[in-house]
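K.L.:
Coordinates for the following, if possible.
(chains A and B, ligands or ions: 1)
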Amino acid sequence: MKEVSAFNITKAVAEMCQEANFDLCGDVKEALIHFKEKEVSPIGKSILEDILENAELATVKRVPMCQDTGMTVVYVEIGSETVVVDGFIEDAINDGIAIGYGTGYLRKSVVKDPLIRVNTNDNTPGIIHYEMVEGEHFKITVAPKGFGSENMSRMKMLKPSDGIEGVKAFVLETVSEAGPNPCPPIVVGVGIGGTIEKAAYIAKKSLMRPLDAHHPDEHIKALEIELLDSINKLGIGPQGLGGLTTAIGVNIETFPTHIAGLPVVVNINCHAARHVSRTL
Amino acid sequence: MKKKIQTPLTNEIVESLKAGDQILLSGTIYTGRDAAHARLIECLKNNEPLPFDIEGSILYYVGPAPSKPGEAIGSCGPTTSYRMDDLTTPLLDLGLKGMVGKGKRDLKVIESMKQNKAVYFAAIGGAGALIANSVISSEIIAYEDLGAEAIRKLEVKDFPCIVVIDCYGENMYETERQKYERK
Ligand code: SF4
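P.N.:
Reported below is the predicted structural model:
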């Protein structure tokens, strides 16, 4: 039986909150460089250069790349032969968030009640998802999510007869409607299937996948490639000021669904696509 | 060529700015986002004075990250502007001349900008660390209890932004996208 101490979870989460906000993921940086080379709009190209310079500056100065340091989404994979000792896992994670955001000078962007709207002042609670896996294993992923892009996300219960064409149309419509608002270039996460909440869960989870890795199923991989191409023909461009770089990646996840349904969720992420994982 | 602009904004300055102009802004600007806007509108309803002189002023839609010791401000890129649309026209009527944010504005804001001669600039969303370099000082002047959403008076030097919607209603979000759209 593997033991993981609550203290180590708190420490890891605190560090990961800062790391995620200070250091742009390598795959995102690579993608931004790649698209910058191909961008034909002069303003678009200079915006991509500024975004890369911003990332560099954030890393060197240990400051957040974006002031919206997000609501903290956390994924925990726990092995069936693993126990958390010396504390309750949920408290350990939220303590880590509070410490990470406090000592890292990260913005506290969470309000306690969605209608009364008083800030909790420590960015807790996090949005914590647990997944059981087999054996001795404990992996934690911290993914701060900004709301400029979260607000532009949408869900739709399509009819089975809408099929793949319906999915494509809904994704394009969502990105087109969002336009400049989610800080393009964006990463588009799509969840297809399951139930309404499962589709939303896998859409967000897909954003954890590196941009240079496609879905293992051939037809979904083809859909990712086709959608990225169609999105970049919309002309929205960096910051919505025109250009060929509207998205730098489309990641899709699927799940079995009901004979009567075809749920689709489009979860938009901005270029500040942040996620860090650690195995304890 | 980037145009250098000094606050406060006059009608002459606003009229000289055209959609697509790249700007380096210097002088005083005020921060305000969702919660601060709600309070400003509340002020107007109660016939109370606004916490700053709005005539010729520029509002920057931002909730900065906390500043590290020795820094004037933390990362401070723009937030999405449409959430302020319903609370903007009364401020334009009172002489607000410029807004800095990111993303679309609705028709009533654009109409009011044309009538009142005001301009909408975009700063690069997500480039908060870079933008912080052009902020010389920051001071909370109202609603301190709102934390990141408090109104701050910023002194900026060569703050980089782009005129996206000018006082003639010319809107880059529409014109530029069409240029690069591929069927
Ligand atoms: S959408 Fe992303 S890049 Fe834009 S302000 Fe929000 S967190 Fe920052």
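
K.L.:
Quick check, the residue in the stretch 151-280 of chain A closest to chain B?
P.N.:
Each residue of the stretch 151-280 of chain A has a distance to chain B, by Cβ to the nearest Cβ, and the smallest belongs to A:Gly242, at 2.8 Å. To be clear about C-beta, it is placed using only N, CA and C from the backbone, and glycine gets the same treatment.

K.L.:
does that residue count as helix, strand or coil?
P.N.:
Using DSSP: H, G, I helix; E, B strand; the rest coil, the structure places A:Gly242 in coil.

K.L.:
Chain neighbours aside, what residue packs nearest to B:Asp166?
P.N.:
Distances taken as Cβ to Cβ, 6 or more residues apart in numbering or on different chains place B:Ala19 nearest to B:Asp166, at 4.6 Å, with adjacent residues excluded.

K.L.:
That neighbour: neighbour count?
P.N.:
Neighbour count of B:Ala19, defined by other Cβ atoms under 10 Å in any protein chain shown: 21.

K.L.:
quick one, longest helix in chain A?
P.N.:
Ranked by residue count and defined by DSSP state H, the top helix of chain A is helix A:42-61.

K.L.:
Figure out how far it is from the centre of its chain.
P.N.:
Mean-position distance between helix A:42-61 and its chain equals 20 Å (Cα atoms, centre = their mean, to the nearest Å).

K.L.:
Briefly note if it comes near chain B.
P.N.:
Yes: against chain B, helix A:42-61 shows contacts by Cβ under 8 Å from any Cβ of the partner chain at A:Ile43, A:Gly44, A:Ile47, A:Asp50, A:Ile51, A:Glu53, A:Asn54, A:Leu57, A:Ala58, A:Lys61.

K.L.:
Using a markdown table, lay out the residues you listed together with neighbour count.
P.N.:
Formatted as a markdown table, the residues of helix A:42-61 next to chain B follow (neighbours: other Cβ atoms under 10 Å in any protein chain shown):
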| residue | neighbour count |
| --- | --- |
| A:Ile43 | 19 |
| A:Gly44 | 27 |
| A:Ile47 | 29 |
| A:Asp50 | 18 |
| A:Ile51 | 27 |
| A:Glu53 | 13 |
| A:Asn54 | 26 |
| A:Leu57 | 18 |
| A:Ala58 | 24 |
| A:Lys61 | 15 |
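
K.L.:
could you dump those to JSON lines with pLDDT?
P.N.:
Compiled in JSON lines, the residues of helix A:42-61 next to chain B are given as follows (pLDDT from 0 to 100):
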{"residue": "A:Ile43", "pLDDT": "95"}
{"residue": "A:Gly44", "pLDDT": "96"}
{"residue": "A:Ile47", "pLDDT": "97"}
{"residue": "A:Asp50", "pLDDT": "96"}
{"residue": "A:Ile51", "pLDDT": "97"}
{"residue": "A:Glu53", "pLDDT": "97"}
{"residue": "A:Asn54", "pLDDT": "97"}
{"residue": "A:Leu57", "pLDDT": "97"}
{"residue": "A:Ala58", "pLDDT": "97"}
{"residue": "A:Lys61", "pLDDT": "97"}
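
K.L.:
could you redo the residues you listed as TSV and give each row distance to A:His215?
P.N.:
Shown next, in TSV, are the residues of helix A:42-61 next to chain B (distance: Cβ to Cβ, whole Å):
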residue	distance to A:His215
A:Ile43	33
A:Gly44	28
A:Ile47	29
A:Asp50	32
A:Ile51	26
A:Glu53	32
A:Asn54	30
A:Leu57	34
A:Ala58	30
A:Lys61	36
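
K.L.:
roughly how far out does the helix or strand harbouring B:Ile110 sit from the chain middle?
P.N.:
Taking DSSP states H and E as the criterion, the element that holds B:Ile110 is helix B:107-116. Average the C-alpha atoms of helix B:107-116, do the same for its chain, and the two points are 15 Å apart (Cα atoms, centre = their mean).

K.L.:
any idea of the mean pLDDT in that helix?
P.N.:
Helix B:107-116 comes out with an average pLDDT of 98.

K.L.:
Show residues contacting that helix.
P.N.:
Outside helix B:107-116, the residues that touch it by Cβ atoms under 8 Å, 6 or more residues apart in numbering or on different chains are B:85, B:88-89, B:92-93, B:95-96, B:105, B:118-120, B:165, B:167-169, B:171.

K.L.:
What is the burial count for the closest residue to A:Ile231 other than its chain neighbours?
P.N.:
The shortest distance from A:Ile231 to any residue other than its chain neighbours is 4.6 Å, reached at A:Ala247 (Cβ to Cβ, 6+ apart). The burial metric for A:Ala247, expressed as a neighbour count using other Cβ under 10 Å, is 24.

K.L.:
Quick check: buried residues in the helix holding B:Ile110?
P.N.:
When neighbours are counted by 16 or more other Cβ atoms under 10 Å in any protein chain shown, the buried residues of helix B:107-116 are found to be B:Val109, B:Ile110, B:Ser112, B:Met113, B:Asn116.

K.L.:
and the gap between the residue nearest to A:Ile231 and B:Pro66?
P.N.:
The gap separating A:Ala247 from B:Pro66 is 31 Å, by Cβ to Cβ, to the nearest Å.

K.L.:
What are the buried residues along stretch A:255-271?
P.N.:
Of the residues in stretch A:255-271, A:Thr257, A:Gly261, A:Leu262, A:Pro263, A:Val264, A:Val265, A:Val266, A:Asn267, A:Ile268, A:Asn269, A:Cys270, A:His271 count as buried by neighbour count, 16+ other Cβ under 10 Å.

K.L.:
Just put those in TSV and tack on pLDDT.
P.N.:
Shown next, in TSV, are the buried residues of stretch A:255-271 (pLDDT from 0 to 100):
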residue	pLDDT
A:Thr257	98
A:Gly261	97
A:Leu262	98
A:Pro263	98
A:Val264	98
A:Val265	98
A:Val266	98
A:Asn267	98
A:Ile268	98
A:Asn269	97
A:Cys270	94
A:His271	94
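
K.L.:
And the furthest pair within those?
P.N.:
Within the buried residues of stretch A:255-271, two members stand farthest from each other by Cβ to Cβ: A:Gly261 and A:His271, at 32.7 Å.

K.L.:
give the contact list for residue 92.
P.N.:
The chain I'm using is chain A. Contacts of A:Ala92 (Cβ under 8 Å, 6+ apart): A:Ala6, A:Phe7, A:Ile9, A:Thr10, A:Val13, A:Val84.

K.L.:
actually it's chain B I care about, not the one you picked
P.N.:
Taking Cβ under 8 Å, 6+ apart as the definition of contact, the neighbours of B:Leu92 are B:Val109, B:Ser112, B:Met113, B:Gln115, B:Asn116, B:Ala118.

K.L.:
and chain B, which residues reach the ligand?
P.N.:
When proximity is defined as Cβ under 6 Å from any ligand atom, chain B approaches the ligand at B:Gly77, B:Gly125, B:Gly126.

K.L.:
Reformat those as a markdown table; add pLDDT.
P.N.:
What follows is those, written out as a markdown table (pLDDT from 0 to 100):
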| residue | pLDDT |
| --- | --- |
| B:Gly77 | 97 |
| B:Gly125 | 96 |
| B:Gly126 | 95 |
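
K.L.:
That'll do, ta.
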